[in-house]
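> here's my sequence, what's the structure:
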Amino acid sequence: MDKAKGEKDTLLNGNTKHWLQVFKCLAYVFAFSIISPLTSYGVDEEKPAPAAVPIDYSQTQNWLALPTGSQPVDVFFVYPTTYSYDSKSQPPLTSTWSPGWNQSLAQAYIDPIIKWQVESKIGVFAKAGANVYIPYYQQSSGLDVLNSVLWQNTPQFAGAANQALEVAYADVSNAFDYYMAHYNIKLPMDSRGHSSWPVIVRAQTCCFICWKTSLETRPCGNFWWLPM
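Below is the predicted model of the structure:
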């Protein structure tokens, strides 16, 4: 009798331990399902760095001047820097590149200074009978780039400023590639640029255009710059 009772107690104790373990497992699962979302709530996931969207130069609206190509000489013109970020009405620029470092296409379309610069600088070529090609591009914020890269007033922004220059240069480079592939029909060409605050973009554009035209064995006119 006592032996049977002892075996029963042992069996009950074993079952009790088993169900306690099951209960603990269920409790852990339930607690994790509650706590896990709470611990991740409010924690920002790492966001990808912002990047500029390249301009599609197959779209005619992205050219300020896109002639029919009826004249015997082409002029590829890059207008000077006219854009400066408005930090008074917008959050200030930081050491991380953001779209404000470059002029958007929407801003370029309605920028009256671009139109004035073009009219005052290239009228002579149009009157002389040249096909004048002028792409819009995402120019960098001139004063901010100079302050960061050249004058060293804000050296902590140099990385973002250089990225802004790269955005502007990439647009001009892509525009010229598109021009060479679709609009230039083995004509002599004259590549012109005017004073532009981002000096690096000016120098790279000079080298790029003259090098590209030399590969095509086409005459390439000299660049000229005026101080601002």
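> run through the helices of the chain in chain order.
Using DSSP state H, the helices found in the chain span residues 2-40, 105-109, 112-127, 142-145, 158-182, 199-215.
> helices and strands around the fourth one, which ones?
Think helix 142-145. Applying 3 or more Cβ pairs under 8 Å, 6 or more residues apart in numbering; DSSP states H and E, we find helix 142-145 packed against helix 158-182. In this view, the C-beta of every residue, glycine as well, is placed from N, C-alpha and C.
> list the buried residues in the helix it packs on.
Residues 160-176, 178-180 are the ones in helix 158-182 that count as buried (16 or more other Cβ atoms under 10 Å).
> okay, the residue lying closest to residue 87 once chain neighbours are set aside: pLDDT?
What sits nearest to residue 87 in space, not counting adjacent residues and going by Cβ to Cβ, 6 or more residues apart in numbering, is residue 93, at 6.7 Å. pLDDT recorded at residue 93 is 96.
> how many neighbours does residue 93 have?
The tally of other residues near residue 93 (other Cβ atoms under 10 Å) stands at 21.
> isn't residue 130 right up against residue 69?
No. Counting by Cβ atoms under 8 Å, residue 130 stays clear of residue 69, with 10.6 Å between them.
> of those two, who's got more company?
residue 130 (22 against 14).
> so what's residue 126 closest to, chain neighbours aside?
residue 132 (5.4 Å).
> the one you found and residue 69 touch, don't they?
No. Applying Cβ under 8 Å, one finds residue 132 not in contact with residue 69, separated by 10.8 Å.
> and the spatially closest residue to residue 91 that is not a sequence neighbour, how far from residue 158?
Leaving out its chain neighbours, the residue that sits closest to residue 91 by Cβ to Cβ, 6+ apart is residue 100, at 8.0 Å. To residue 158, residue 100 is 16 Å away according to Cβ to Cβ, to the nearest Å.
> try residue 102
As judged by Cβ to Cβ, residue 102 and residue 158 stand 16 Å apart.
> what of residue 84?
18 Å.
> ok, now which ones touch residue 94?
Counting by Cβ atoms under 8 Å, 6 or more residues apart in numbering, residue 94 touches 157, 160.
> relative to residue 110, how far out is it?
In terms of Cβ to Cβ, residue 94 sits 26 Å off from residue 110.
> residue 73 reaches residue 126, doesn't it?
No. Counting by Cβ under 8 Å, residue 73 does not reach residue 126; the two are 11.2 Å apart.
> pLDDT weak spots in this structure?
Applying pLDDT under 70 to the chain flags the ranges 1-49, 185-228.
> can you list the domains in it?
Here the domain assignment for the chain is 1-47, 60-215, based on automatic domain parsing.
> in contact with residue 138, which residues are there?
By Cβ under 8 Å, 6+ apart, the contact set of residue 138 is 52, 55, 102, 103, 104, 105, 108, 167, 168, 171.
> let's go with 6 Å and repeat that
Neighbour list for residue 138: 102, 103, 167, 168, 171 [criterion: Cβ atoms under 6 Å, 6 or more residues apart in numbering].
> tell me the spacing between it and residue 156.
Look at residue 138 and residue 156: by Cβ to Cβ, they are 23 Å apart.
> now the phi/psi pair for residue 79, please.
With angles defined as degrees, to the nearest 10, residue 79 sits at phi -70, psi 160.
> neighbours of it, just the number please.
A total of 26 residues lie near residue 79 under the criterion other Cβ under 10 Å.
> next one: the one 4 residues further on
By other Cβ under 10 Å, the residues close to residue 83 number 23.
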